[in-house]
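**Q** Fold the following and give me the result.
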Amino acid sequence: MKNTIAAAAVALTATGAWADMVIKDAQGSVSEVMDRLEAAVSNAGATVFARVNHGGGAASVEMELADAELLIFGNPRLGTPVMQQDIRAGLVLPLHVLVHNDGGSTVITYQDVNGMMAGLDVDTSAEVFGRIAGALDNLTNAAAGN
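**A** This is a model prediction of the structure:
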């Protein structure tokens, strides 16, 4: 099993999938960090579409999984111009941020904007992409509590 995981990690690294991830250490439990993220998103005027408790889902079928929650959120003022460039951006929008326990530490992980939009017919140099990247950075910094 460890060899399979190591091989998958090498393959993902080679394809750049890991390079597109932004990873931040956070203070507090997964639930506390997610509460701060959800509040920051709401206070910024964005819409929270869902909060998914992956760990709770695993527990509901008597399986173990590290504590992990996903927040799905967005702002149509930012997302719509992106989807007007390429409707397939709807596959990655709204935004997703994962807060999870990583060996006793709480970590925030999300995909950077360029990685998120890879393969789509969009102009990532457009102002809206800078605004999305800035929003992700600001919201996750607020949630991290560092």
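**Q** got the contact list for stretch 51-58?
**A** 30, 34, 38, 64-72, 100 (C-beta atoms under 8 Å, 6 or more residues apart in numbering). All C-beta atoms are positioned from the backbone trio N, CA, C, and that covers glycine.
**Q** burial measure for the nearest residue in space to Gln27 that is not next to it in sequence, as a count.
**A** Spatially, and ignoring its direct neighbours in sequence, Gln27 is nearest to Gly145 (4.1 Å; C-beta to C-beta, 6 or more residues apart in numbering). By other C-beta atoms under 10 Å, 13 other residues sit near Gly145.
**Q** Leaving out sequence neighbours, find the closest residue to the one residue sitting closest to the centre of the chain.
**A** Computing the C-alpha centroid of the chain and ranking residues by C-alpha atoms, centre = their mean puts Val97 first, at 2.4 Å. On the basis of C-beta to C-beta, 6+ apart, the spatially nearest residue to Val97 that is not a chain neighbour turns out to be Tyr110, at 4.5 Å.
**Q** do Ala142 as well
**A** Ala40 (4.1 Å).
**Q** Just say helix, strand or coil for that neighbour.
**A** Classification of Ala40 by DSSP: H, G, I helix; E, B strand; the rest coil places it in helix.
**Q** Distance of it relative to Thr109?
**A** 16 Å (C-beta to C-beta, to the nearest Å).
**Q** so where's the protein shaky on pLDDT?
**A** 1-19 (pLDDT under 70).
**Q** try it again with 50
**A** Within the chain, the stretches with pLDDT under 50 are 1-15.
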